[in-house]
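Sequence plus the predicted model coming up.
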Amino acid sequence: MSRGNTKDIRRQRAKNNAKKQQIIPTWALLVTPVMFIFMGYASEHYRKSRGLDPLLRRPMFRIAARLASRSKRSHEHMRRSLLTAQEDDELETYDGKTLHLIFSTDCSPYQHWQSYLVYYTAMKVKQPGHVTRIVSGCEDEEAGHMKTWFDDNISHMSKRFHLHFTPHFSQVVDEAGKIVGDYKFFNKPFGLRHWLQNFELLGFNNGKFSNQDDIVILTDPDMALTRPITGDFSDMEETVIGKSRQGDKMLGTEVTPGIPFAQTYGLGVQWQKFDLDKIAGPDSPAKEVSKADGNLYYPVGPPYLGTLGDMYKIANKWSEFVPRVHAQYPHLLAEMYAYCIAAAHLKLPHQLIDSLMISNPGNGGEGWPLVDIIPPSETCSFAQGPDHTKYSLPSVIHLCQRYSIGEEWFFGKRKIPTDIYECETPLFEEPPGNVATLYDFKKPPNAKARTQLTPKVANQQAFMVCFLTSLLNEAATFYKKSACSVESVNFQRSRTVADLFKT
């Protein structure tokens, strides 16, 4: 065979082999990258919605590896608290009673960093009694990971801090029993009832508790404590009560059986417009409440305070009524209106307190008169390091609004990243101590124009921005000192909350 023929044969064999090797069709080559992109998107969506360790932004199944590496650190480095062992023991009871501060969450990452803030502020202000996060709807693996994280990062704050898991309660079911939606605020009444019936420290048996007069304080996960809540509101220098509820209209100054307390909310008597026959029954005492009394004693919201006996009665009726209220009013405030109806049905008028909370600058019915006393030149510096011997503050800061002073200084909880406590994550820049005197307007991120502020509202906005930014830095610093190695920790204050809108 000639050398030329050999080359021709080799060329032909190469062509044949190339045809044989092209076993993947052209359309598959085009579709495959698209599939990988979609799978990456789906994986990221799943990771964010279900499988994320909220504080570390890592899949939760990797927590074990992180914990193993951390176990090499010294016991003293990990187990930090602002309380001494003696202080922790002394806070077990208050005035002969056990207090239970509880807050309800689902199992999502969004409420995880806020929950850490509740525990941290409870430790910082030396809240008496027990503090429990009621977590609803976790899958078994998620609950295990959360328990591990709690044991590693919360339990050392106080032996009085707890987790309580409940089933998933947020499904909306129609009359035929078909699931037609999801309303996450069902978790609050049903989670409360589950905790009352199953939390071992309460001694629940046949509808009674080992101490019926112990006090329950029900807050929200986005409420940071500024001072202890005890159920005693007899000190009028630090308690604000609306004028219409004073004098002979006042029910009392302490939580006792038959006299629950709560924060004033602007709910009015909207609940009286619902079909109460279908919600509470045609003979319900709620139907007999006058408009005047409805406005005086029932437009309530968290923090709620009551004895165990009263709160159990409320929890039962609240859980019974809330699906019916939601059926008539499928909106955000359905569970709050259901609470109002339950209290009225049980003939449990509440003593309303304005100063349990501040939330929305410029709003009446909140504890702003206490903040308004602070001179604007001191507002921010005081908010960054409160001293209750100088100025009293409301019991909790409800960080549910957007707060802004000037153009640069802003705080909004929905923009706070879930990795805020991670070792490598920087802290936030804090406003200057006199920021309340520098601006008479606000222009939050993405706002088209400035909004002019009165001096009073500017002072209130400045207080919220300064307090919340400083508190988040403080809590993150505490977490990092407990959880991070010296080599990896980042304490730099290198960004503002407003900067998060630029990325």
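Yes, it's here.

Quickly note the distance from S104 to E378.
36 Å (C-beta to C-beta, to the nearest Å). In this view, the C-beta of every residue, glycine as well, is placed from N, C-alpha and C.

Looking at those two, which is more packed in?
S104 (29 against 16; other C-beta atoms under 10 Å).

That one belongs to a strand?
Yes: assessed with DSSP: H, G, I helix; E, B strand; the rest coil, S104 lies in a strand.

Quickly list what it is bridged to.
Beta-bridge partners for S104, by DSSP bridges, are I134.

Now the phi/psi pair for K273, please.
phi -90, psi -10 (degrees, to the nearest 10).

again with Q492
The phi/psi pair for Q492 (degrees, to the nearest 10) reads phi -70, psi 140.

who are the neighbours in contact with it?
Taking C-beta atoms under 8 Å, 6 or more residues apart in numbering, we find Q492 in contact with 426-427.

next one: the one 4 residues further on
By C-beta under 8 Å, 6+ apart, T496 lies in contact with 408-410, 428-429.

do the same with S377
434, 436-437.

mind putting those in CSV, secondary structure, distance to I314 and pLDDT included?
Output for these, formatted as CSV (DSSP: H, G, I helix; E, B strand; the rest coil; distance: C-beta to C-beta, whole Å; pLDDT from 0 to 100):
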residue, secondary structure, distance to I314, pLDDT
N434, coil, 45, 96
A436, helix, 40, 98
T437, helix, 45, 97
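
Filter the residues you listed down to the buried ones.
436-437 (16 or more other C-beta atoms under 10 Å).

and which of the contacts of S377 is nearest S355?
A436 (20.5 Å; C-beta to C-beta).

Tell me the buried residues in stretch 183-202?
Judged by neighbour count using 16+ other C-beta under 10 Å, the buried positions of stretch 183-202 are 183-196, 199, 202.

Out of these, list just those in strands.
Judged by DSSP state E, the buried residues of stretch 183-202 include no members of strands.

coming back round to it: just curious, which of the contacts of S377 is nearest to H168?
Distances from H168 to these, taken by C-beta to C-beta, are shortest for A436, at 44.5 Å.

Can you tell me how far the closest one is from G385?
Counting by C-beta to C-beta, the gap from A436 to G385 is 15 Å.

and if you look at N153?
For N153, the distance to G385 - C-beta to C-beta - is 25 Å.

And those two? Which one has more around it.
N153 (18 against 11).

which residue ranges form the strands in the stretch 351-500 of the chain?
Using DSSP state E, counting those that start in this stretch, the strands of the stretch 351-500 of the chain run over 351-353, 357-358, 396-398, 402-405, 409-412, 427-428, 441-442, 451-452, 493-495.

Kindly report the same for the stretch 101-250 of the chain.
130-136, 161-166, 171-173, 179-182, 215-219, 223-225.

Save those as JSON lines, and put in mean pLDDT and mean neighbour count too.
Output for those, formatted as JSON lines (pLDDT from 0 to 100; neighbours: other C-beta atoms under 10 Å):
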{"stretch": "strand 130-136", "mean pLDDT": "98", "mean neighbour count": "23"}
{"stretch": "strand 161-166", "mean pLDDT": "98", "mean neighbour count": "19"}
{"stretch": "strand 171-173", "mean pLDDT": "91", "mean neighbour count": "13"}
{"stretch": "strand 179-182", "mean pLDDT": "91", "mean neighbour count": "10"}
{"stretch": "strand 215-219", "mean pLDDT": "98", "mean neighbour count": "27"}
{"stretch": "strand 223-225", "mean pLDDT": "98", "mean neighbour count": "25"}
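
Any idea which of the ones you listed gets closest to K278?
Taking the strands of the stretch 101-250 of the chain one by one with C-beta to C-beta, strand 171-173 is closest: 15.8 Å.

who does that closest one pair up with?
Strand pairing for strand 171-173, determined by DSSP bridges: strand 179-182 (antiparallel).

these two touch, right, E238 and S392?
Yes: using C-beta atoms under 8 Å, E238 is in contact with S392, at 3.7 Å.

ok, those two, which is more surrounded?
The neighbour count for E238 versus S392, taken as other C-beta under 10 Å, is higher for S392 (20 against 16).

who are the neighbours in contact with the more buried one?
227, 237-238, 370.

how about 7 Å then?
237-238, 370 (C-beta atoms under 7 Å, 6 or more residues apart in numbering).

of all those residues, which comes closest to D419?
Nearest member of the contacts of S392 to D419, counting by C-beta to C-beta, is L370, at 34.0 Å.

What's the local residue count around that closest one?
20.

likewise D220?
Per other C-beta under 10 Å, the neighbour tally for D220 reads 20.

right, and it touches L101 too?
No: when contacts are counted by C-beta atoms under 7 Å, D220 is not listed as touching L101 (11.4 Å).

list residues touching both of the two?
Joint contacts of D220 and L101 (C-beta under 7 Å, 6+ apart) do not exist.

Leaving out the residues flanking it, which one is nearest to G266?
G365 (6.1 Å; C-beta to C-beta, 6 or more residues apart in numbering).

In this structure the one you found contacts D354, no?
Yes: counting by C-beta under 7 Å, D354 is a contact partner of G365 at 5.5 Å.

more neighbours, these two?
Ranked by neighbour count (other C-beta under 10 Å), G365 and D354 place D354 first, with 21 against 17.

any weak-confidence spans in this structure?
Where the chain drops to pLDDT under 70, the residues are 1-79, 503.

show me the contacts for the residue most central in space within the chain.
Closest to where the C-alpha atoms of the chain average out (C-alpha atoms, centre = their mean) is P221, at 2.2 Å. When contacts are counted by C-beta under 7 Å, 6+ apart, P221 is found next to 103, 105, 111, 114-115, 118.

before we move on, back to that, can you list the contacts of T496 in JSON lines and add distance to G242 and neighbour count?
Below are those laid out as JSON lines (distance: C-beta to C-beta, whole Å; neighbours: other C-beta atoms under 10 Å):
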{"residue": "E408", "distance to G242": "36", "neighbour count": "17"}
{"residue": "W409", "distance to G242": "31", "neighbour count": "26"}
{"residue": "F410", "distance to G242": "31", "neighbour count": "26"}
{"residue": "F428", "distance to G242": "35", "neighbour count": "22"}
{"residue": "E429", "distance to G242": "38", "neighbour count": "17"}
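
number of nearby residues for the closest residue to N360 other than its chain neighbours?
Computed as C-beta to C-beta, 6+ apart, the closest residue to N360 that is not its neighbour in sequence is Q401, at 5.2 Å. A total of 15 residues lie near Q401 under the criterion other C-beta under 10 Å.

Could you check how far Q401 is from N459?
16 Å.

next one: T496
From T496 to N459 the distance is 20 Å (C-beta to C-beta).

Now do the helices in the stretch 51-200 of the chain.
63-70, 75-78, 85-90, 112-125, 140-153, 187-198 (DSSP state H, counting those that start in this stretch).
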